[in-house]
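Engineer: Sequence unavailable; structure follows:
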């Protein structure tokens, strides 16, 4: 298993370097192989991670909590690598080489983050994701992409500056108990929680939530997210939304564990509840009236990050299990939705939903699959998101948080109507209405003959929906054990 940890760090980095020096087709094949290999390695770590933590060289550590986030990232890396092979068809060799270099480095940094054993190394890994993903957002070399990338860099850098300050306060708190040579390893900090000084731990947690919250997309520090997700190439948008936001939320969870051990559950849960409600409220309203299909999905991501924060605030075992399942289900659903949206943008040659019409007929595979992905994001059964949100709400009711649970249900329902309204026009409105839309908005009509752009862009969406159905109907036993153990760790009683 220790070999698997090293392979997860070495393989995508090596492929990133090699991809820059080989032809585009070879880079695509290497990237697909790397993604599938990383997903296989992550799957192999599920049983041992559920049984106990794996440590290597005092710098690498995998336990049940980190394995959940590793699985989400590895699955999306594999799925989006396949998708990118079709999406980049027709691009120049130079563009493809730059893309695969950045894409693999981005996946490598997100895989590395949950493998880090200390808060300091975790901060470094997430900082690397910022640098690489900002370059990928700007890779299209348009004014909109450059502006979105610059905005992302400014806001995320400010946030990670606050995250670094929170890490420094965590070091100060740990040094009072563990000595000045403490390396900010998470488990010793959590174990020493009751003896840590309260004030620096409070500051560390609040700064971490606000700082890493910029990368999570929590309101009010979410403003970079809709622009970046809209302007980035679709494969990058899928990774940003399905993996990067969750990886950043993983950092918040680690500070939450330290804070809960030192302060009790009150302040950490109340803080997450406030950020979660605000995020869910804004996102559920902003999904109405969006014209950009990728921007619409970006606000949906803000919604789901708010659901995660609210779920952790409930604190009940079933709610925490629902949060961890939601991380996996959201990765599959949002990745599938963004990849499906990418097919539409290629077909219609625009991101403007007012021009997109008759998607179910014009895209005989991608249209229905995209509709199913939207249903899954809206928590319709039997998707994994329905199961995870049901568990979160049940946890809220069992913990006595009746008002918060009711608000969660109401806002999620509002968001569903917003998504449904937008998708109805895209998928069901007859194609003859496109001419009037083009005339009104000055947008290109695209290719209005039925047919798919590429099989490579259909298969990963189908795989994501199959995974969602599996998570919703009957998650594998090993995965259920992993989620149960991870939830116990978040409550402070697991291995």
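Structural biologist: Received the coordinates, thanks. What you see is a predicted model, and the numbers here were worked out from it, not measured in a lab.
Engineer: give me every residue that touches the nearest residue to residue 232 once chain neighbours are set aside.
Structural biologist: Counting by C-beta to C-beta, 6 or more residues apart in numbering, residue 232 lies nearest to residue 137, which is 4.4 Å off, once chain neighbours are set aside. Backbone N, C-alpha and C define where each C-beta goes, glycine included. Contacts for residue 137 (C-beta atoms under 8 Å, 6 or more residues apart in numbering) come out as 145, 148-149, 152, 228, 231-232, 236.
Engineer: any idea how far residue 193 is from residue 265?
Structural biologist: 12 Å (C-beta to C-beta, to the nearest Å).
Engineer: quick one: which of those two has more around it?
Structural biologist: residue 193 (20 against 15; other C-beta atoms under 10 Å).
Engineer: per-residue pLDDT, the more buried one?
Structural biologist: Here, the pLDDT recorded for residue 193 equals 92.
Engineer: which phi and psi does the residue nearest to residue 232 have?
Structural biologist: phi -60, psi -40 (degrees, to the nearest 10).
Engineer: Low-confidence bits of the stretch 251-400 of the chain, can you list those?
Structural biologist: Applying pLDDT under 70 to the stretch 251-400 of the chain flags no residue at all.
Engineer: can you give me the helices in it?
Structural biologist: Here the stretch 251-400 of the chain has its helices, by DSSP state H, counting those that start in this stretch, at 266-286, 293-314, 317-348, 359-362, 366-377, 384-398.
Engineer: and these as TSV, adding mean neighbour count and distance to residue 79?
Structural biologist: TSV is the format used below for the helices of the stretch 251-400 of the chain (neighbours: other C-beta atoms under 10 Å; distance: least, C-beta to C-beta, whole Å):
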stretch	mean neighbour count	distance to residue 79
helix 266-286	21	24
helix 293-314	28	16
helix 317-348	27	6
helix 359-362	19	21
helix 366-377	23	12
helix 384-398	23	15
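Engineer: Between the ones you listed, which one is closest to residue 427.
Structural biologist: helix 359-362 (4.3 Å; C-beta to C-beta).
Engineer: From the rest of the structure, what touches that closest one?
Structural biologist: 344, 347, 366-368, 370-371, 426-428, 431, 448-451.
Engineer: Now do the buried residues in the strand or helix carrying residue 103.
Structural biologist: Element membership of residue 103, judged by DSSP states H and E, is helix 93-112. Within helix 93-112, the residues that count as buried by 16 or more other C-beta atoms under 10 Å are 95-112.
Engineer: Also stretch 251-269?
Structural biologist: In stretch 251-269, counting by 16+ other C-beta under 10 Å, buried: 251-263, 267-269.
Engineer: Name the nearest of the residues you listed relative to residue 86.
Structural biologist: Of the buried residues of stretch 251-269, the one sitting nearest to residue 86 (C-beta to C-beta) turns out to be residue 251, at 32.9 Å.
Engineer: Need the three-state assignment for the nearest residue to the closest one once chain neighbours are set aside.
Structural biologist: Spatial nearest neighbour of residue 251, chain neighbours left out: residue 212 (4.5 Å); criterion: C-beta to C-beta, 6+ apart. Recorded secondary structure, residue 212: helix (DSSP: H, G, I helix; E, B strand; the rest coil).
Engineer: OK, contacts around residue 212?
Structural biologist: Residues in contact with residue 212 (C-beta under 8 Å, 6+ apart) are 126, 159-160, 163, 248-249, 251-252, 255.
Engineer: go on, residue 78?
Structural biologist: For residue 78, the contacting residues are 32, 35-36, 38-39, by C-beta under 8 Å, 6+ apart.
Engineer: That one sits in which helix or strand?
Structural biologist: Going by DSSP H and E, residue 78 is part of helix 64-87.
Engineer: Then residue 127?
Structural biologist: Assigned by DSSP H and E, residue 127 falls in helix 119-137.
Engineer: could you check the angle helix 93-112 makes with that helix?
Structural biologist: Angle, helix 119-137 to helix 93-112, by axes from the mean of the first three to the mean of the last three C-alpha atoms, to 10 degrees: 160 degrees.
Engineer: tilt between helix 119-137 and helix 64-87?
Structural biologist: Using the same axes, to 10 degrees, helix 119-137 lies at 10 degrees relative to helix 64-87.
Engineer: domains of the chain?
Structural biologist: The record's domain parsing of the chain by automatic domain parsing lists 1-117, 265-495.
Engineer: Now render the ones you listed as JSON lines, adding distance to residue 187.
Structural biologist: As requested, the domains of the chain are exported to JSON lines (distance: least, C-beta to C-beta, whole Å):
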{"stretch": "domain 1-117", "distance to residue 187": "7"}
{"stretch": "domain 265-495", "distance to residue 187": "10"}
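Engineer: nearest to residue 222, of those?
Structural biologist: Of all the domains of the chain, domain 265-495 comes closest under C-beta to C-beta, at 5.3 Å.
Engineer: How far does that closest one sit from its chain's centre?
Structural biologist: Here domain 265-495 is found 11 Å from its chain centre; the criterion is C-alpha atoms, centre = their mean, to the nearest Å.
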